[in-house]
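J.: A structural model of the following input is requested.
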Amino acid sequence: MRRPGPRSRRLTRKTAEPAPDIDRIFDEGIEVDRAFDRAIHDALLQHKRAGNPVPVLRKGKVVWIPASKIRP
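T.: Okay, here's the model as predicted:
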């Protein structure tokens, strides 16, 4: 395995913003919820564009939603 060269070390030394307080993020849950919603939206959009149906759970049963009916 190659060792990182001086250029990659120089790029990683940049001063970045302080790391977010992960405990606070999980306690509040707002950022997690937003990321989750964005991921669902992106996945539904990909399925719709590809023409693939999506399974959902309704009244305890799996129902397949055709791509034409997906609302991202």
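
J.: okay, CA-based contacts and neighbour counts for the rest of this
T.: Noted.

J.: mind listing what's buried in stretch 38-48?
T.: 44-45, 47-48 (16 or more other C-alpha atoms under 10 Å).

J.: now swap in stretch 50-66 and tell me
T.: In stretch 50-66, counting by 16+ other C-alpha under 10 Å, buried: 52-54.

J.: out of those, who's nearest Lys61?
T.: Val54 (13.5 Å; C-alpha to C-alpha).

J.: identify the residues contacting the closest one.
T.: Residues counted as contacts of Val54 (C-alpha atoms under 8 Å, 6 or more residues apart in numbering) are 44, 47, 64-67, 70.

J.: give the next helix or strand downstream of the longest helix along the chain.
T.: As assigned by DSSP state H, the longest helix anywhere in the chain is helix 30-50. Next along the chain after helix 30-50, taking DSSP states H and E as the criterion, comes strand 54-58.

J.: next SSE after that following strand?
T.: strand 61-65.

J.: and that next one, which strands flank it?
T.: Paired strands of strand 61-65, with direction, are strand 54-58 (antiparallel) (DSSP bridges).

J.: what's the longest helix of the chain packed up against?
T.: helix 22-28 (3 or more C-alpha pairs under 8 Å, 6 or more residues apart in numbering; DSSP states H and E).

J.: sounds good, over and out.
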